[in-house]
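[1] Predicted structure and sequence below. I'll ask about it afterward.
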Amino acid sequence: MTVPPDSVRIFEVKRVDVEGAIVLDGFPSVGLVSSIVANYLVDTLQMEQIGIVDSPQFPTVSLVRNGLPQHPVRIYAGRASPDRADHGSDKIVAFVSEFHPAPTIIQPLATAILDWAQEQRCSLLVSPEGLVVEGSPPSRGGKARSLNAMKVYGVASTRKARELYIEPNTVPFLEGVITGIAGVLLNEGRRRGFDVLTFLAEAQADYPDARAAAKVIETINRILLRTPLDPVPLYAEAERIEQQLLTIQRRTAERHRAEAQAQTSPPMYR
């Protein structure tokens, strides 16, 4: 059977009850904010892999960690705080990838994620994002940004989510453009009446920005998870993940260049 090039399929590797869970979009964004946030929560909360997402348009690579091959797009599940006494779900699910999806697969990929979240009866979907702000001071090669001065903006797909999560806790994002997976999720969430939140931290666009990602993690934790995260190791770990993702992307780019060069080189005869 021929698989359409823009098809997206989700495979379960372990069945877990995720009803009421918060779903996190961990695909790369500006400053790799989404990927750093997702990887940090997966590691910190010791989330387990429950599935993979597959498509003919995904990179043909295996990401090997601790000797184990990993699919380019993975799904993890866990609990934010099992002993929480307050109401609401403590379940969290993360779609995680270190690779930028091709533009032609973004729409079906975001739709598949939202379809899955609704089928599993999850409560809401969160897309962390980096926001390039003109004139913001750099965090490398110059004076480091003050964490207290860094702003986190928010936008929601529904009025209920906006009033409950965004307006009391963040600077509402009133004008601008949100692209990629996050943009499609917001539009689809509004069309379906499903709660989608996007938190945007001021980030540098030219390299992974661990400080912006850590600021988003603080915001997600304060508003949605309320786990006892110590901010000092949070920033150190975010920086470690930043370097790990940068290494993965650099090696992948080098491999792609080598493959492209091999395909275009003329054959050699002896």
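    Yep, that arrived.

[2] Any idea which helix or strand in the protein has the lowest mean pLDDT?
    helix 231-264 (a mean of 69; mean pLDDT, DSSP states H and E).

[3] can you give me the helices for the stretch 1-150 of the chain?
    Applying DSSP state H, counting those that start in this stretch to the stretch 1-150 of the chain gives helices spanning 33-44, 103-119.

[4] Can you give me the buried ones in the shortest one?
    When you say that, I think you mean helix 33-44. For helix 33-44, a neighbour-count test (16 or more other Cβ atoms under 10 Å) marks 33-42, 44 as buried. (Glycine included, C-beta is placed from N, CA and C.)

[5] Also stretch 164-184?
    By neighbour count on 16+ other Cβ under 10 Å, the buried set for stretch 164-184 is 164-166, 170, 173, 178, 180-184.

[6] Please enumerate the strands of the protein.
    Ranges of strands in the chain, per DSSP state E, are 9-12, 22-26, 48-54, 63-65, 68-70, 73-79, 91-97, 124-131, 152-156, 171-172, 196-202.

[7] I'd like those as CSV, with mean pLDDT and distance to residue 244 appended.
    As requested, the strands of the chain are exported to CSV (pLDDT from 0 to 100; distance: least, Cβ to Cβ, whole Å):
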stretch, mean pLDDT, distance to residue 244
strand 9-12, 95, 25
strand 22-26, 96, 14
strand 48-54, 96, 17
strand 63-65, 83, 9
strand 68-70, 89, 13
strand 73-79, 96, 15
strand 91-97, 96, 13
strand 124-131, 94, 17
strand 152-156, 96, 24
strand 171-172, 96, 30
strand 196-202, 95, 20
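
[8] pretty sure residue 71 is touching residue 54, no?
    Yes: the criterion here is Cβ atoms under 8 Å, and residue 71 meets it with residue 54 at 7.2 Å.

[9] neighbour count winner among these two?
    Neighbours were counted for residue 71 and for residue 54 using other Cβ atoms under 10 Å; residue 71 has more, 19 against 16.
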